[in-house]
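Visitor: Give me coordinates for this.
(one chain, ligands or ions: 1)
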Amino acid sequence: MIGACGGVASTVALGVAALRKRLISATGLVTELPLFNQTGLIKPGSIVIGGHEIRSQPLVDAVDALHSHANLFDRKLVKMCATQLQAWQRNIRCGTLCGAGPVIRGLADKGSRKEDRSPAEAVERIAADIAAFRRRHRLDHAVVINLASSEPPAAKTAAQARFRDLQRALSRPGSRVLPTSSLYALAAVEAGCAFINFTPSLGISVPAIQERAGQLGVPYMGNDGKTGESLVKSVLAPMFAMRNLSVLSWVGQNILGNRDGAVLKDPRTRLSKIRSKDKMLSQIIGSKPATAVSIEYVPSLDDWKVAWDFIHFEGFLGTKMSMQFVWQGADSVLAAPLIIDLTRLAARECRAGRGGPMRHLACFFKDPIGVREHNMFTQWQRLAEHIARQ
Ligand SMILES: NC(=O)c1ccc[n+]([C@@H]2O[C@H](COP(=O)([O-])OP(=O)(O)OC[C@H]3O[C@@H](n4cnc5c(N)ncnc54)[C@H](O)[C@@H]3O)[C@@H](O)[C@H]2O)c1
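Guide: Model (predicted):
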């Protein structure tokens, strides 16, 4: 996991450790639904955790902080899994700040980050770390999941178009041809590992990296996990479409108080998230309603994110009506099981030797790579068909 000690990543580690010890049920895991019986998925308890991080807070402390600040889970659970979390801590390596902006640099601790001389050096180092992790634990496959802090929108450059040109640009010291998330994506591809971008950052959405993934037969998918307000939107919007109700406006206000919220306080970084949240509506309902999406940082909420959505719509005889909903969820707890699902589903593709975009996983993402369909029901159907077929 990139961002291995963040809120989502440390909740994943706690969850996998607890599943190993059979301390929790599989509630929240999509891949434990009957649809996925007998489909050859790896057992969640067989997953080994490792990753990269730029802060010095260990996994156990990160999980403990989620308990004491946000009261997410039982302290007993943290205690019973502490030994396993400490063992996985040894699999966490220094992250890179190559290509990172001031907001992310501000999070980093001395000793937990590396100033690689060039982006090429960062890619090589991270790929070597991943390969060593895989060898050390004799793993059949490794799946690299980007769970690092969101980045601001990245500039498109000519060198991002072809792998040959990208390689040349990456070897120049100080080159800013790729943001950090894309360096991690390329490192995963070079190490022959599946890559998943759970964040709105650029990640693997770079033609040259996708070209390289195609050459090496590596599966990949992203972007930006669909876990809260956007999930509800992609389920509700088809209802308005199916009843031929005309959506006039859809306004969504989001407030959250964790580290992700603090990073999203930066207006440029927030733009990545808002763009990714705002994409789906017009595709689902076939018209362009007035939309407004906001994200505010409210520290006292910690990991509890709240979304308030107001939908103004028109029915028969031109009568205007409205609907509102409030969604309150624990940010890390909503995301963590999906990371386990995505790992199991990506490992299945690796085992079958299938590379390229995993379009059948679109239902997990706000802005799915290579997929225009945002309707949750259609996306779900595609996943079910893929699972039944392969
Ligand atoms: N929680 C959800 O429901 C959800 C949904 C969609 C997307 N996401 C995205 O998932 C990501 C993680 O969310 P979170 O709440 O865990 O955030 P977080 O801030 O708690 O964790 C991010 C971690 O990434 C680390 N990091 C930052 N830059 C790094 C780098 N260059 N190398 C290695 N590590 C780095 C940070 O130190 C931090 O520990 C965010 O980008 C968020 O937008 C979360």
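Visitor: can you give me the strands in the stretch 101-250 of the chain?
Guide: Assigned by DSSP state E, counting those that start in this stretch, the stretch 101-250 of the chain shows strands spanning 113-114, 143-146, 194-197, 219-221, 246-256.
Visitor: For the last one, which helices and strands make contact with it?
Guide: Counting contacts by 3 or more CB pairs under 8 Å, 6 or more residues apart in numbering; DSSP states H and E, strand 246-256 is packed against helix 229-242, helix 280-285, strand 290-297, strand 304-314. Using the backbone N, CA and C atoms, a C-beta is placed for each residue, glycine as well.
Visitor: Is it possible to get JSON lines of those that adds mean neighbour count, distance to the ligand and mean pLDDT?
Guide: Below are the helices and strands packed on strand 246-256 laid out as JSON lines (neighbours: other CB atoms under 10 Å; distance: least, CB to the nearest ligand atom, whole Å; pLDDT from 0 to 100):
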{"stretch": "helix 229-242", "mean neighbour count": "19", "distance to the ligand": "8", "mean pLDDT": "95"}
{"stretch": "helix 280-285", "mean neighbour count": "20", "distance to the ligand": "14", "mean pLDDT": "90"}
{"stretch": "strand 290-297", "mean neighbour count": "16", "distance to the ligand": "10", "mean pLDDT": "92"}
{"stretch": "strand 304-314", "mean neighbour count": "19", "distance to the ligand": "7", "mean pLDDT": "96"}
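Visitor: any chance of these in TSV, with distance to H374 too?
Guide: As requested, the helices and strands packed on strand 246-256 are arranged in TSV below (distance: least, CB to CB, whole Å):
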stretch	distance to H374
helix 229-242	5
helix 280-285	4
strand 290-297	13
strand 304-314	16
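Visitor: Show me which residues of the stretch 51-200 of the chain sit near the ligand.
Guide: Contact residues, the stretch 51-200 of the chain versus the ligand (CB under 6 Å from any ligand atom): 52-55, 95-97, 100, 104, 107, 147-150, 180, 198-199.
Visitor: Tell me who's in contact with the residue in the stretch 51-200 of the chain that the ligand sits nearest to.
Guide: Using CB to the nearest ligand atom, the single residue of the stretch 51-200 of the chain nearest to the ligand is G95, 2.7 Å away. Contacts for G95 were tallied using CB atoms under 8 Å, 6 or more residues apart in numbering; they are 2-3, 52-54, 108, 112-114, 148.
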